[in-house]
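Q: Sharing a model that was predicted from the sequence below.
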Amino acid sequence: MVSHELVEQLRRLNRVDKLEVIQLLVADLASEETNLIKSGASYPVWSPYDAVEAANIMLEALNPETSRNHG
């Protein structure tokens, strides 16, 4: 959470300094984004394969008789 003191100090900055702070923060965020996925690492991915319960729920939602009774 951003402290009240920091917010007040940022508000007192002149326009050029505020833009420099924005550029700094954007650069930091951009560098963090590039480090989210590591080369050579493996990441789990969800697959609907064997998601029988989810398929049954979807079929019930798409069934006109069931939809009429619940909606």
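A: Structure's in. What do you need? Numbers count the residues shown, from 1 in each chain.
Q: And Val7, how close does it get to Asp17?
A: Summarising the geometry, the distance separating Val7 from Asp17, computed by C-beta to C-beta, to the nearest Å, is 14 Å. No exception for glycine: its C-beta is placed from N, CA and C like everyone else's.
Q: correction: Val2
A: Distance, Val2 to Asp17, using C-beta to C-beta: 17 Å.
Q: Looking at those two, which is more packed in?
A: Each of Val2 and Asp17 had its neighbours counted (other C-beta atoms under 10 Å), and the higher figure belongs to Asp17 (11 against 7).
Q: Ramachandran coordinates for that one?
A: phi -70, psi -40 (degrees, to the nearest 10).
Q: and it, how far is that from Leu6?
A: Following C-beta to C-beta, the distance that separates Asp17 from Leu6 is 14 Å.
Q: Check Leu59 too.
A: Between Leu59 and Leu6 the distance, using C-beta to C-beta, works out to 53 Å.
Q: name the element the residue nearest in space to the middle of the chain belongs to?
A: If you average the C-alpha coordinates of the chain and look for the closest C-alpha using C-alpha atoms, centre = their mean, you land on Glu33, 11.7 Å from that point. Secondary structure assigned from DSSP states H and E places Glu33 in helix 15-34.
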